[in-house]
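1. Just to be clear, the model below is a prediction. Sequence and coordinates:
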Amino acid sequence: MQAAPGLVRVLGVVIARDLRLAVRHWDQVVQPLIFFVVVTTLFPLATSPALAQLRQIAPGVIWVAAMLSSLLALESLFRPDVEDGTMEQWVLSGQPLSVLLLAKTATHWLLSGLPLVLMAPLVGTGLGLPASAWSVIAASLALGTGCLSVLGAIGAALTVSVRRGSVLLALLVLPLEMPALIFGARAIDLAIHGESVTGPLNLLAAMLLLFVSLGPWAMAAAMRISVEN
Amino acid sequence: MLESTASASSSAALAVRDLHLWRGERHLLRGLSFTLRSGELLQIIGANGIGKTSLLRCVAGLLPMETGEVFWGDKPIRQVGDEFARSLAYLAHLNALKGDLTPMENLLASVSLRREVTQELLESTLARLQVLQCAALPVRSLSAGQKRRVGLARIVLLDAPLWILDEPITNLDRDGIEIVEHCIAEHLNRGGMVLTAAHQLLLQGRPEARTLELH
């Protein structure tokens, strides 16, 4: 037997495989993104195009839409791998399951979080926000969707053995995501009014670090329980 | 690998001691014990639902056991942990293949977690299992028997001393069964160990092939 491949190689192999799979069915991958754009553009139509009013609701609209769109992609995060037996092989791969699941979570963010970040100027324009706020929208979404991906992955690992567990997943994950929602929306709100945004953004960054460092262990523990059944 | 298995050939490499297993209310395995030595094939037989798959999952470490112990060398597997996992190639009912990827991509992604493989090695293994002609097709379009062969190619590629195969010849034609027997015989000759659950016995009449019937 040869020496086992290093962790960086393992991360690379899993991310490359998942990105390749995403390219093969890109139509499913873009759904959360389209959902996000459609929901945020519906609000000016449904409420009022008056700038003052839009700017008041914009932070909340952007963040609630981001949360729901992240949730849409969660259901298919681990389920296919568990159903076709790949997850069992990962448990037996001799590589730390936490690293394998972190790699999957990173890919999930690349496909469902990063596109939202890149949409910040479009969504900002749609809601009549000043161009000066775009960078803050992007930053708050970048840090915040990272938090959403990790928390969501823990929930997905816990509910993966539950049949039709998507409602349970939402009930489990959404309350945990509230701090990200509050600070993320607050940052955009402050940016619209031209005030300093370092406070909420720093808090989001701290939360992201905490979740990324501790989340993979929770995912692995939850996944081991799910695979046993 | 050859050296280590040669020196260990006299002592039991995999030992199951007094294993009890319940699934829900049913007491499936009642105090099962067996040993598997280097160069041996042990085939678990028994009726459907008797607990063959549960036994294999238990030995692989996927299913926690209530009482009893599985030893790898002289240590229980729960102490050995990842080292045991790296000595193991496990083929379940499911082949663990992604329908949207080709056999080559599937094997590269799963085997690379364990060891480095070259394109040539992947191709020669697929050729050995006679599925090289579908190496570039998505697995979704393969027949059930061809998928099983790709699943078996993964086992061969993992280069692990212990193979645990859950009904390896499901969906295989006569040629396929012959290839599997050949792969297993070669693995045993190199000092490997094979534990299978089966309805149809492989390598019949060979001294290194034993059976164990569950009641």
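-> Alright, I've got the coordinates. Residues are numbered from 1 along each chain as shown, chains lettered A, B, ... in the order given.

2. now the longest helix along chain A: mean pLDDT?
-> Counting by DSSP state H, the longest helix found in chain A is helix A:51-83. Mean per-residue pLDDT for helix A:51-83: 92.

3. and that helix, what other elements does it pack with?
-> Taking 3 or more Cβ pairs under 8 Å, 6 or more residues apart in numbering or on different chains; DSSP states H and E as contact, the helices and strands that helix A:51-83 lies on are helix A:31-46, helix A:86-91, helix A:97-112, helix A:134-159, helix A:166-176, helix A:178-192, helix A:198-228. For glycine as for every other residue, the C-beta is placed from the backbone atoms N, C-alpha and C.

4. Tell me how far the shortest one lies from the chain's centre.
-> Centroid separation between helix A:86-91 and its chain, computed with Cα atoms, centre = their mean, to the nearest Å, is 23 Å.

5. near chain A, which residues of chain B?
-> Proximity of chain B to chain A (Cβ under 8 Å from any Cβ of the partner chain) is limited to residues B:1, B:60-64, B:82-83, B:85-88, B:90, B:92-101, B:105, B:109-110, B:112-116, B:138, B:159-161.

6. Just the buried residues from those residues, in PyMOL please.
-> In PyMOL syntax, the buried subset of these is picked out as below (16 or more other Cβ atoms under 10 Å in any protein chain shown):
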select buried, chain B and resi 60+61+62+63+85+86+87+88+90+92+95+96+97+98+100+101+105+109+110+112+113+114+115+138+159+160+161
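
7. Point out where chain A drops to low pLDDT.
-> Chain A contains residues with pLDDT under 70 at A:1-3.

8. Please give the number of neighbouring residues around the closest residue in space to A:Ala103 that isn't next to it in sequence.
-> Spatial nearest neighbour of A:Ala103, excluding adjacent residues (Cβ to Cβ, 6 or more residues apart in numbering or on different chains): A:Val14 at 3.7 Å. Residues within reach of A:Val14, counting by other Cβ atoms under 10 Å in any protein chain shown, total 23.

9. what helix or strand does A:Val14 sit in?
-> helix A:7-24 (DSSP states H and E).

10. Can you tell me what sits against that helix?
-> By Cβ atoms under 8 Å, 6 or more residues apart in numbering or on different chains, the residues outside helix A:7-24 that reach it are A:5, A:29, A:95-96, A:99-100, A:102-104, A:106-107, A:110-111, B:98, B:100-101, B:105, B:109, B:112-113, B:138.

11. before we move on, back to that, same list, the helices and strands packed on helix A:51-83, but as JSON lines with mean neighbour count please.
-> Formatted as JSON lines, the helices and strands packed on helix A:51-83 follow (neighbours: other Cβ atoms under 10 Å in any protein chain shown):
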{"stretch": "helix A:31-46", "mean neighbour count": "16"}
{"stretch": "helix A:86-91", "mean neighbour count": "22"}
{"stretch": "helix A:97-112", "mean neighbour count": "22"}
{"stretch": "helix A:134-159", "mean neighbour count": "25"}
{"stretch": "helix A:166-176", "mean neighbour count": "15"}
{"stretch": "helix A:178-192", "mean neighbour count": "21"}
{"stretch": "helix A:198-228", "mean neighbour count": "18"}
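
12. Just the CA trace of stretch A:132-147, in CSV.
-> Output in CSV follows, covering the C-alpha atoms of stretch A:132-147 (Å, rounded to 0.1, in the frame of the first residue of the first chain):
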residue,chain,number,x,y,z
SER,A,132,-21.6,53.0,-3.0
ALA,A,133,-23.6,50.2,-1.2
TRP,A,134,-22.8,47.5,-3.8
SER,A,135,-19.5,46.5,-2.3
VAL,A,136,-21.1,46.2,1.2
ILE,A,137,-23.9,44.0,-0.2
ALA,A,138,-21.3,41.8,-1.8
ALA,A,139,-19.2,41.6,1.4
SER,A,140,-22.1,40.9,3.7
LEU,A,141,-23.4,38.2,1.3
ALA,A,142,-19.9,36.7,0.9
LEU,A,143,-19.4,36.3,4.6
GLY,A,144,-23.0,35.6,5.4
THR,A,145,-23.7,32.9,2.7
GLY,A,146,-20.5,31.2,4.0
CYS,A,147,-22.2,30.9,7.4
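
13. contact partners of it?
-> A:62-63, A:66, A:70, A:109, A:112-114, A:116-118, A:120-121, A:123-124, A:129, A:177, A:180-181, A:183-185, A:187-188, A:190-192, A:194, A:197, A:200-201, A:204-205, A:207-208, A:211-212.

14. wait, B:Leu21 sits on B:Ile50?
-> No - using Cβ atoms under 8 Å, B:Leu21 makes no contact with B:Ile50, being 11.2 Å away.

15. Check the burial of the closest residue to chain B within chain A by counting its neighbours.
-> In chain A, the residue that lies nearest chain B is A:Gly85 (3.2 Å; Cβ to the nearest Cβ). When neighbours are counted by other Cβ under 10 Å, A:Gly85 registers 19.

16. How is B:Glu211 assigned, secondary-structure-wise?
-> Let me fix one detail, which is that residue B:211 is Thr and not Glu. Going by DSSP: H, G, I helix; E, B strand; the rest coil, the secondary structure assigned to B:Thr211 is strand.

17. residue nearest the centroid of chain A?
-> A:Ser149 (3.3 Å; Cα atoms, centre = their mean).

18. Nearest to chain A: which residue in chain B?
-> B:Leu94 (3.2 Å).

19. which residues touch the residue positioned nearest the centre of chain B?
-> By Cα atoms, centre = their mean, the mean C-alpha position of chain B lies nearest to B:Ile164, the distance being 2.4 Å. Contact analysis of B:Ile164 by Cβ under 8 Å, 6+ apart lists B:Leu56, B:Val59, B:Ala60, B:Leu88, B:Ala89, B:Tyr90, B:Leu91, B:Val194, B:Leu195, B:Thr196.

20. Against which helices or strands is the helix or strand hosting B:Arg78 packed?
-> B:Arg78 belongs to helix B:77-80 when assigned by DSSP H and E. When contacts are defined as 3+ Cβ pairs under 8 Å, 6+ apart, helix B:77-80 sits against strand B:67-72.
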